[in-house]
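Peer 1: what would the 3D arrangement of this be:
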Amino acid sequence: MHSYLVGGAVRDHLLGRPVVDRDHVVVGARPEELLALGYRPVGKDFPVFLHPQTGEEYALARTERKTGRGYHGFAFHAEPSVTLEEDLARRDLTINAIAQDEAGALVDPYGGVRDLEARVLRHVSPAFVEDPVRLLRVARFAARFAPLGFSVAPETMALMQQMVVDGEVDHLVPERVWAETRKALAEMQPSAFLRVLRQSGALSVLFPEIDALYGVPQRAEFHPEIDTGIHMELVLDAAAAIAPGDDLVGYCALCHDLGKALTPTDALPRHIGHEHAGVPRVRALSARLKVPTEHAALAELVCREHLNAHRALELKPATVLKLLTALDALRRPARLDTFLAACWADKRGRLGHAEDDYPPADYLRQACAAAVAVQAAPFIADGLQGPAVGAAMEAARVKAIADVKLASI
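Peer 2: Residues are numbered from 1 along each chain as shown. As a prediction, the model looks like this:
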């Protein structure tokens, strides 16, 4: 029995990145042998165990065989006779198919080290096409490693395009699409996720609302990049810089301009009312992907209200209070921070504006704090009751916001 460190732990160590998860493959063993050594079983579909001391995952070496459509259509074979090379062969990319033995020596039968040095995302074998999740994973790895100069190998992209043509991508379930998307939105360069999906043809299948933005023009004086799809890419990367690792901000950024794809041709490049037109598309995307409730709710709010955030200093104090109330910011101030991060990303997501400040953010935070400071107790002490208390509080909050605005001028 021999164990090897595999996958991301080896890859990230070679790239000089922090190693988060350490996974191992065990060759030449049966489940009962690991159980006898105190390993705890956790695998449902194939034998995976947790080390009794470290808690790290140890999986028996296995092969897999395609038995049906989609990512569920596989039969796994785990026996002592399965070699390390056979186990590595079933992995998606060469950079994820490098192993390290207990003495620290690398086992690299598929050229993963070479591809790390060349900054290439390349499939291990033609079996890549059998699992549609791999297409999403490649796009996600592109989002992670694009800042390091990685790109998808042409032959791998050709396989991904064939997977779309063959309909394999159609069998992806929403949960897996969202799981990979969520991770991609938390990476350093989420725009690469969209570009790889678009080049493969999968974006129009999985995210038609996003794909429809490409080629839609915007007014050049406000958007030097002109193309709304390019704007979306810039906004996603701005969101990743403003709120690193925050997929909630990333999803709000992804959805904020979906209405621009619905602008009548004769109205272009203006997009009057796009913030309201986009709400049904945000709802449809969130429902189809089964995104978490808070992601769906805030993405809708960002879509509908981001223009109000941009012109907050021009709004009447009563309108600002309505905006804060719609966000539920008086009770949940963290929501306001997420909303403002996505709106700031929208402002920065334009050619030549990547370093722009966002003055509305400070004003809205101060306005929110001033409104929160208005409490019911003084009005009740003055003898007000029922709806009269609410009306008095609203008037006082509008006055408090007006004072903040006056101080900001």
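Peer 1: what's Lys290 in contact with, if anything?
Peer 2: 174-175, 178 (C-beta atoms under 8 Å, 6 or more residues apart in numbering). C-betas here are computed from N, CA, C, even on glycine.
Peer 1: buried among those residues? Make that a ChimeraX selection.
Peer 2: The ChimeraX selection below is limited to those of the contacts of Lys290 classed as buried (16 or more other C-beta atoms under 10 Å):
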select :178
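Peer 1: which one of the contacts of Lys290 is nearest Val205?
Peer 2: Val205 has its nearest neighbour among those in Pro174, at 12.8 Å by C-beta to C-beta.
Peer 1: just give the nearest non-adjacent residue to the closest one, would you?
Peer 2: Leaving aside its chain neighbours, Pro174 sits nearest to Lys290 (4.7 Å; criterion: C-beta to C-beta, 6 or more residues apart in numbering).
Peer 1: what do you get for Pro80?
Peer 2: Nearest non-adjacent residue to Pro80, counting by C-beta to C-beta, 6+ apart: Gly28, 4.9 Å away.
Peer 1: from His2, how far off is the one you found?
Peer 2: When distance is defined by C-beta to C-beta, to the nearest Å, Gly28 is 6 Å away from His2.
Peer 1: which of these two has more neighbours?
Peer 2: Gly28 (16 against 12; other C-beta atoms under 10 Å).
Peer 1: got the contact list for that one?
Peer 2: Contacts for Gly28 (C-beta under 8 Å, 6+ apart) come out as 1-2, 61, 80.
Peer 1: quick one: which of those residues sit in strands?
Peer 2: His2 (DSSP state E).
Peer 1: can you tell me which of the contacts of Gly28 is nearest Ala402?
Peer 2: Distance to Ala402, by C-beta to C-beta, is smallest for Ala61 among the contacts of Gly28, at 69.4 Å.
Peer 1: from what I can see that closest one touches Ala89, true?
Peer 2: No. The criterion here is C-beta atoms under 8 Å, and Ala61 misses it with Ala89 at 10.7 Å.
Peer 1: neighbour count: those two, which is higher?
Peer 2: The residue with more neighbours, out of Ala61 and Ala89, is Ala61; 27 against 16, by other C-beta under 10 Å.
Peer 1: Glu355: neighbouring residues, count only.
Peer 2: For Glu355, the neighbour count with other C-beta under 10 Å is 8.
Peer 1: next one: it from Ala297, what distance?
Peer 2: From Glu355 across to Ala297, the span is 30 Å (C-beta to C-beta).
Peer 1: please apply the same query to Leu159.
Peer 2: Leu159 sits 38 Å away from Ala297, going by C-beta to C-beta.
Peer 1: now name the helix or strand holding Glu102.
Peer 2: Assigned by DSSP states H and E, Glu102 belongs to no helix or strand.
Peer 1: phi and psi next, for it.
Peer 2: phi -70, psi -20 (degrees, to the nearest 10).
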